[in-house]
Structure formats: structure tokens, C-alpha cells
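[1] Sequence plus the predicted model coming up.
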Amino acid sequence: MKAFKNHFFFEFHTGLADKSLLVMNYLLPLGLYILMGLSMKDINPSFMEIIIPSMIVISMLISTILRLPGPFIKSRDAGIFRNYKINGVPATSIVIIPSLNTMLHTIVIAIVIIPTASLFFKAPLPDKWIAFILVFLLTAFAFTGLSVLIGALSSSSLTTMLWSQLIFIPSMVIGGFLIPSDLLPTGLGKIGILLPSTHALNLFKFYSYNQSIDYNPLWSMLILLSSGILSFGLAIYLFNWDNQNKTRRGNPLFGLFAILPYIIAAIFLP
Amino acid sequence: MKDIVIEVNKLRKVYGDSVAVDNISFDVRKGEIFVLLGPSGSGKTTTLECLEGLRKPDGGSVKLMGLNPNYNYSNLSNLIGIQLQTSGLPGNMRVDEAMNFFCAYHKKSPRYDLLERLGFKEKMDAQYQTLSTAQHRRLSLALSIAHSPSILILDEPTADLDDQSRVELHDIIIESQKRNTTILLATHNMAEAAKLATRMAILWRGKMITAGTPLEVTATGARLAKISVRVVGSSLSKPDIKFPSVTKSLLKDEYKIYYSANPGLTVSAIIKYISKQKDELIDLRVERSLEERFMEITDNEAKK
């Protein structure tokens, strides 16, 4: 426990001094939030109804999917994970500690967004706070899980970037933030089901805002939970310690099992 | 044998078409310093990395305390200390923080005294990224021995170190051995191997050429002795002089060096010749060193 605590605080305090982390965790999400808050009022007024959960989900996407995998590649290339391995640092700590740290940063962002959106953009506050917090935690769990899985399995920054963008860009376009999912063509709607952000927004809208939604919320809950569990489990099991020495326990393609819940949903959800 | 702690049996490792380690076998007993000696590319690091669980062998087996490091590393990590040839730490991790960080994972108290001994007294709060390569190596060594492991695996531990640090490191290795730590050390430095090894193996292009105690290794082969002679006068610089049993001669600095299969005969002939020429003998040394044996082995292997 002492080792885990030491490791956690080391990552936390060094993270605060890391400029790229500050940009990706704070400046970019908050900049985007202000921009969206100012511009979407005229472009898509319905967005303002869900600006709080939308911007929280987008901020999470940036600080998890876009940012979290990168340091894994850098550390692996610098031989840091080799050093960790020979000194008995378990893959569990390497995977979970950055995830917890990132969750902490997303909580800070949420704490900034909720009152300011209400104050400056007249955004409605959640009706059910407990449900809001639980959906927030479930979303953070699923997003960080996918992010660490990408980081744990990727062999290069290029692979990381491709996987991250494969999730981030469609999430922004068809994830239901900018264009309501019921306005999307059927085919695109189906693709939307493959994205974690779609299910996160679905849950926020249903459980904390009592809004009508497109998909059964139980499905979304199950998808995010199972995908998060699979992602963390696979990231730890298949963790790539060293690019030069392929000693991981299985083929990295097994990582694709983490998206199985989304594929099942795309097939079975109406 | 009960006291064997490291076992390497017919180890083979291949990278693409290149065989890095070919059918190597050796064992290391408790409390020994076993040295793998060989030039770069001889397979030392690959052998160690298979033992460290960082690479999977393509053939044969490796065991530490009877356990396969590729499958049981979590059981072994507190018992083994490893200094890798290349590794890293987060750039912003401080020296004292690194000690605290890894000792916590080994469930041991941090050994700041080791850091002081290895020259970090004034650098405890220096970040890893500000340290020199030699300091990285010294820190890596301190971290590898801080948890008092039963087995210490060191890969080129003195590369890039200054003389003072090298001596300090040799002292630490010898002290660890006295505490019954088993040490497996890879080096290309023959003086280091001769100084530290209880037993050793010479590797060449992935193969183990010979193994034994330093005495056994140097006593085999052509048994050439190196005779270094320095005189005042020009008698030894004449090109046509020949001494018995000399297979090769060369001039190095101010010394004439002869390689002889029968050093007694050669030395007496040299002394007789010098006194006949009325030159003054300043220095004469006879060595049967590891260096000569190593050169002989590698020359022979290169000719194959």
C-alpha cells in the first residue's frame, strides 16, 4: 500500500509540473468549453440544454483517449517500464495509477464546468446529483480503461494516435454532442452506438436530466461497465513492458475484445 | 547440487536470422561471482535478459532459485537485484525519490547511505534528467542492491565510470559477495573479470568458448606467456634476433613484448643476450594473464 501511495503521489505531483498534461487536461477542454458555450447558443440552442454533460464527456475524451496513452509510449521507449518490471512494480500499478490521476483531473474540470455553465450559459443543472456522479464515474472508468489499453498495447506513438483519433473524431461528430443523434442518418446512428461517448451522454441525459433518449439506458450502462472491466483487465494482462523484447502474455489483438460490448450493442440495439 | 542458484541450460535466442545466444549452459553457485566475459555482440546481455525475464528463450531453459523468471518474476523480484545495461527513470524523478519509490515496492527501508557512498550526497534532490550517464549507472547500481537481494545481476556495471567510482563499485560487489550474495556479472573488461570472478565463462559470437576459474581459463589453450622487457640500449630492437619458444613479438611503448610457450627458456635467453650486448636491463615481467588467453581464444575463433 505504501508503494502504491508513493507511486500515486509521485505521478500526481510530477503531472502537475508537466506542461503537456496541463494543456490537455485543463487548457484545451476549458478553451473548447468556452468556445462551444459562446458559439453553440446560436448554432444549436438544444446543445445548451446538455452543455454540462456534453462538455464533461468531451473533456474526459481529451484527457483520457487523447492524452493518457502518450506517456505509456514515452516511458516504454525510455526503458522506464523495463526498470519498473525488474524492480517489482506491477503492471496493475502502472495502469491504474495514471487512470486515477486522470480521473482526479476530470473531477476538477467538472467542478469548474458545472457552476460556470449554469452561471454564464444558463445551462440547466442535473436533476439527480447522485445519478450524475455515478454516471460520471462510470464514464471515467470506461474512458480511462480504453485509454490505458491503447497505451499498454501500442508499440509506437503513431499507433496510439491512430487508435485515439479513431475514437475521438467520430465521438465529436456523431457522438450526439453537436448533432442530436435522432437527426443523424440511420447508418451513422449505428456507428454512434460503437462509441463510448454516445452511451455516456445517453446515461447522463436519462438518469440525471430526465430527458428522452435514443437507446435503452441499461444497455449503455452495461456496455460502459463491461468495456471498462475488459479494458483494464486486458491492459494489465497484455501489458507491453518493452518494445524490443516481446514478452507479453498474449497477442495484442486480444485487446479488441474490449470493444466487443459496443459491437454486440450495434448488432442488437434497435 | 543444492547450492546452485542460477541455472542456464542449452539456452538459445534468435533475432530474425541472427543467433544471439547458441546453446549456452552454465550454473552459478550460492555466493559466487560468476563473470560472463566477451566483446560487444557476444550474447552477454541477451543471456542476462533471459535470466531477468525480459526476453523469452527460443530454446533451452533458465532458472533462478529453481524458478523460471518468465513465469515467476513476481516471486523473484524481491530476491533479485538487477542493473540493466540500458534503462531509464522518469526524467523528473529525484535521486532520493527513486530510492524511496523502489524500496517501497521491495518493502524495504530506503538506503540513502548507499546513495551517499556512490557519490550522491550533494545530489539527493537532483532530477534524473540532470544526471550524467555515469551517475545514471551509479544510481541504477544503488537501486539494484538497496533491497539486499540474494542474487545480483549486473550488466557492464563499470562502463562509463571513472576510476574512483569503479573501485568503489568493485568494493561494493565484493562486500555483497561476503554477505553470501550470488553475483552474475557481464563485462568486456578483462581486468575487472580477473579481479572479481570466482568463476567465469568467455562468450564469443553467441557461443560459450570456455568456462572455469580465472586460473583454469588462463592455464588452458596454447599457454603463451607474455614477457615484457625494457632495456637501455638498442640490442632488442634489432630485427633479426630470435629467442627460443617465441611465437610472436612486438614493440609497445618502450617495451619489447614476446609471447612464449616456454617462458623460462625464453627469459634466460633474453637475459644472456642482453648482458652479452652490455645493455642495461630496466624491467622484465612475465605474465600469463586473462587478456592473453582471451586474445588467443578470440583470434582462434575468428580464424574458424
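    The structure has been received and is ready for your questions.
[2] where does chain A have low pLDDT?
    A:181, A:243-248, A:270 (pLDDT under 70).
[3] tell me the secondary structure for residue 266?
    In the absence of a named chain, chain A is used. For A:Ala266, the secondary structure call by DSSP: H, G, I helix; E, B strand; the rest coil comes out as helix.
[4] wrong one, chain B
    Relying on three-state DSSP, one would call B:Thr266 helix.
[5] Can you tell me, leaving aside adjacent residues, what's nearest to it?
    Closest residue in space to B:Thr266, ignoring its immediate chain neighbours: B:Ser260 at 3.9 Å, by C-beta to C-beta, 6 or more residues apart in numbering or on different chains. For glycine as for every other residue, the C-beta is placed from the backbone atoms N, C-alpha and C.
[6] After whichever helix or strand A:Phe168 is part of, which helix or strand is next? Please name it.
    Under the criterion of DSSP states H and E, A:Phe168 resides in helix A:157-174. The first helix or strand that comes after helix A:157-174 along the chain, using DSSP H and E, is helix A:186-193.
[7] After that next one, which helix or strand is next? Please name it.
    helix A:196-203.
[8] mind listing what residue 229 touches?
    Picked chain A for this. Shown in contact with A:Ile229 (C-beta atoms under 8 Å, 6 or more residues apart in numbering or on different chains): A:Gly145.
[9] Switch to chain B, please.
    Applying C-beta under 8 Å, 6+ apart to B:Val229 gives the contacts B:236, B:255-258, B:270, B:274, B:281, B:283-284.
[10] Nearest the geometric middle of the chain, what residue?
    Because you didn't say which chain, this covers chain A. Computing the C-alpha centroid of chain A and ranking residues by C-alpha atoms, centre = their mean puts A:Phe143 first, at 2.7 Å.
[11] Actually, chain B is the one I wanted.
    Geometric middle of chain B (C-alpha atoms, centre = their mean) lands on B:Thr187, at 3.1 Å.
[12] For the residue in the stretch 51-200 of chain A positioned nearest to chain B, give its distance to B:Cys50.
    Of all residues in the stretch 51-200 of chain A, A:Gly88 sits closest to chain B, with a separation of 3.3 Å (C-beta to the nearest C-beta). Computed as C-beta to C-beta, to the nearest Å, the A:Gly88 to B:Cys50 distance reads 19 Å.
[13] B:Arg12 falls within a strand, correct?
    Yes: under three-state DSSP, B:Arg12 sits within a strand.
[14] got a list of what it touches?
    By C-beta under 8 Å, 6+ apart, B:Arg12 lies in contact with B:19, B:21-24, B:57-60.
[15] Same question for B:Met190.
    For B:Met190, the contact set (C-beta under 8 Å, 6+ apart) comprises B:37, B:289-291, B:294.
[16] Farthest pair within these?
    Among those, the pair separated by the greatest distance (C-beta to C-beta) is B:Leu37 and B:Ser289, at 12.7 Å.
[17] in chain A, which spans are helices?
    Remark: helices assigned in chain A by DSSP state H are A:2-16, A:19-22, A:28-43, A:51-61, A:69-77, A:80-86, A:91-120, A:129-153, A:157-174, A:186-193, A:196-203, A:209, A:217-237, A:260-268.
[18] So for B:Leu265, which of those helices sits nearest?
    helix A:80-86 (52.7 Å).
[19] From the chain's centre, how far out is that closest one? Work that out for me.
    Put simply, helix A:80-86 sits 26 Å off its chain's centre (C-alpha atoms, centre = their mean, to the nearest Å).
[20] again with stretch B:233-243
    37 Å.
[21] can you tell me the distance between the two ends of that stretch?
    18 Å (C-alpha to C-alpha, to the nearest Å).
[22] now whatever residue of the stretch 51-200 of chain B ends up closest to chain A, nearest residue through space, not along the chain?
    Going by C-beta to the nearest C-beta, chain A is nearest to B:Ser77 of the stretch 51-200 of chain B, at 3.3 Å. Distance criterion C-beta to C-beta, 6+ apart; nearest residue to B:Ser77, sequence neighbours excluded, is A:Gly88 at 3.3 Å.
[23] need the residues of chain B near chain A, please.
    Contact residues, chain B versus chain A (C-beta under 8 Å from any C-beta of the partner chain): B:49, B:52-56, B:70, B:73-74, B:77-78, B:80, B:82, B:84, B:86-90, B:92-93, B:97, B:100-102, B:104-107, B:140, B:143.
[24] hmm, back to that, so the residue of the stretch 51-200 of chain B closest to chain A touches A:Pro90, yeah?
    No: using C-beta atoms under 8 Å, B:Ser77 makes no contact with A:Pro90, being 9.1 Å away.
[25] Looking at these two, which one has more neighbours?
    Remark: of B:Ser77 and A:Pro90, B:Ser77 carries more neighbours, 22 against 17, as counted by other C-beta atoms under 10 Å in any protein chain shown.
[26] Mind pulling up the pLDDT for the more buried one?
    As predicted, B:Ser77 sits at a pLDDT of 85.
[27] Packed most tightly, which of the helices of chain A would that be?
    Most buried of the helices of chain A, by mean neighbour count (mean count of other C-beta atoms under 10 Å in any protein chain shown): helix A:196-203, with a mean of 28.
[28] how far does the next helix or strand after that helix sit from the chain's center?
    Using DSSP H and E, the helix or strand that follows helix A:196-203 in sequence is helix A:209. For helix A:209, the separation from the chain centroid amounts to 21 Å (computed by C-alpha atoms, centre = their mean).
[29] And for stretch B:11-22?
    Taking mean C-alpha positions (C-alpha atoms, centre = their mean), stretch B:11-22 and its chain are 22 Å apart.
[30] again, but for stretch A:257-264
    16 Å.
[31] contacting residues around B:Thr198?
    Contacts of B:Thr198 by C-beta under 8 Å, 6+ apart are B:32-34, B:177, B:213.
[32] so which two of these are the farthest from each other?
    B:Gln177 and B:Thr213 (14.7 Å).
[33] Which one's more surrounded, the two?
    B:Gln177 (17 against 12).
[34] any idea of the pLDDT on that one?
    For B:Gln177, pLDDT reads 92.
[35] residues contacting the residue lying closest to A:Phe47 once chain neighbours are set aside?
    Closest residue in space to A:Phe47, ignoring its immediate chain neighbours: A:Met40 at 4.3 Å, by C-beta to C-beta, 6+ apart. Counting by C-beta under 8 Å, 6+ apart, A:Met40 makes contact with A:47-48, A:51, A:178.
[36] Counting neighbours, which bits of the strand or helix carrying B:Lys195 end up buried?
    When elements are assigned from DSSP H and E, B:Lys195 belongs to helix B:190-196. Residues of helix B:190-196 classed as buried by neighbour count (16 or more other C-beta atoms under 10 Å in any protein chain shown): B:190, B:192-194, B:196.
[37] Tell me which two in those are the farthest apart.
    Across the buried residues of helix B:190-196 (C-beta to C-beta), the longest gap, 11.1 Å, separates B:Met190 and B:Leu196.
[38] Near chain B, which residues of chain A? Just list them.
    Counting by C-beta under 8 Å from any C-beta, chain A sits next to chain B at A:2-3, A:6-7, A:10, A:14, A:17-18, A:75, A:78-80, A:82-83, A:85-90, A:241-242, A:245-247.
[39] which one is A:Gly175 nearest to, not counting chain neighbours?
    A:Ser197 (3.9 Å).
[40] Now for B:Val95, how many residues are close by?
    That count, for B:Val95 with other C-beta under 10 Å as the rule, works out to 25.
[41] Show the backbone phi and psi for it.
    Backbone torsions of B:Val95, given as degrees, to the nearest 10, read phi -60, psi -50.
[42] wait, it sits on B:Phe120?
    Yes: taking contacts as C-beta under 8 Å, B:Val95 lies within contact range of B:Phe120: 5.2 Å.
[43] Now the common contact residues for these two.
    Joint contacts of B:Val95 and B:Phe120 (C-beta under 8 Å, 6+ apart) are B:126, B:139.
[44] and the closest residue to A:Ile80 other than its chain neighbours, helix, strand or coil?
    Distances taken as C-beta to C-beta, 6+ apart put B:Gly88 closest to A:Ile80, at 4.8 Å, once the chain neighbours are dropped. When classified by three-state DSSP, B:Gly88 comes out as coil.
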